[in-house]
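Peer 1: take a look and give me a structure for this.
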Amino acid sequence: MSDPAKAITIGFDGSEYEVTSGRTILVALEEAGLRFVRGVGCRGGVCGACTVLYRQRESHQLLAGLMCQDEARDGMEILSLPYIPQKKAIHRMALPEGDTPEYQVLSLYPEVNNCVMCGECSRLCPVGIDVMGYVGMIKRGDLRSAAQHSFTCVQCQACVLRCPSSISQPNAALASRRLYGRYRETAADHLAKAVERVESGHYRSLFRKVRRLSAVEFQALYQRREREPDDAPPGTWLPEDRALI
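Peer 2: Okay, here's the model as predicted:
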């Protein structure tokens, strides 16, 4: 971590700013007086809205990151990318007669077969996913592995920018996860029970109560909500209020 008392200079969209080190790019620029209306979302590294490309001065290497996660470093030249056009194949969850989920994904995104395995997508991924690896899994029809390896994708779309084969990797991965989950993954018992409760009207009184709240009351309820600790082992944490379980 940088010395928090040190002033550094970064470039953003062609202008230079003197900022305090030890901040994320987003916080550093906001402290410098910039106000972001677009290109900023959850601020927690989940939504992928704050994608940036950057280079360090005197370096040839182009990198990608998330403004809310990557630390501002002296000599950064940064370009924000609030929107990246990519292919979004419209599809339904019902498969055409005779099709398999594996064939359907390749039908929606046939360009994955043109992958030249250059590795640029994996190198550029700001959350460290082996994008080229899961593209190969889709090509081989291994949707289970593709779904698992792409699960932490934040849809920042940085990989799309550098792909010489014009593959929309995040959307191909999303289709893989959806179709694998619908047709190949074993249904979870607790999910079936939850659906049964919804259909039986178990939660109607709770929802009526929430709908009667004012905006201020609803906001206060949301801010008081119980949250699973980040370090809780999977499947071990339960809230004290279990009315919705």
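
Peer 1: pLDDT score for the nearest residue to residue 155 once chain neighbours are set aside?
Peer 2: Setting aside the residues directly before and after it, residue 155 is nearest to residue 48 in space (C-beta to C-beta, 6 or more residues apart in numbering), at 4.6 Å. (C-beta placed from N, C-alpha, C; glycine too.) What the model reports for residue 48 is a pLDDT of 90.

Peer 1: burial of residue 48, as a residue count?
Peer 2: 20 (other C-beta atoms under 10 Å).

Peer 1: element containing it, please.
Peer 2: Take DSSP states H and E as the rule and residue 48 turns out to sit in neither a helix nor a strand.

Peer 1: keeping just the C-alphas, turn the helix or strand of the chain with the lowest mean pLDDT into CSV.
Peer 2: Within the chain, confidence by mean pLDDT, DSSP states H and E is lowest for helix 189-200 among all helices and strands, at a mean of 89. The C-alpha trace of helix 189-200 is given here as CSV (Å, rounded to 0.1, in the frame of the first residue of the first chain):
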residue,chain,number,x,y,z
ASP,A,189,-34.3,-29.1,-2.3
HIS,A,190,-34.2,-25.9,-0.4
LEU,A,191,-35.0,-24.0,-3.6
ALA,A,192,-38.0,-26.2,-4.4
LYS,A,193,-39.3,-25.5,-0.9
ALA,A,194,-38.8,-21.8,-1.3
VAL,A,195,-40.8,-21.8,-4.5
GLU,A,196,-43.5,-23.8,-2.8
ARG,A,197,-43.7,-21.2,0.0
VAL,A,198,-44.0,-18.3,-2.5
GLU,A,199,-46.7,-20.0,-4.5
SER,A,200,-48.7,-20.9,-1.3
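
Peer 1: on contacts alone, who are the packing partners of the lengthiest helix in the chain?
Peer 2: In the chain, with assignment by DSSP state H, the single longest helix is helix 169-183. When contacts are defined as 3 or more C-beta pairs under 8 Å, 6 or more residues apart in numbering; DSSP states H and E, helix 169-183 sits against helix 101-108, helix 131-140, helix 143-149, helix 158-162.

Peer 1: neighbours of residue 187, how many?
Peer 2: When neighbours are defined as other C-beta under 10 Å, residue 187 has 10 of them.
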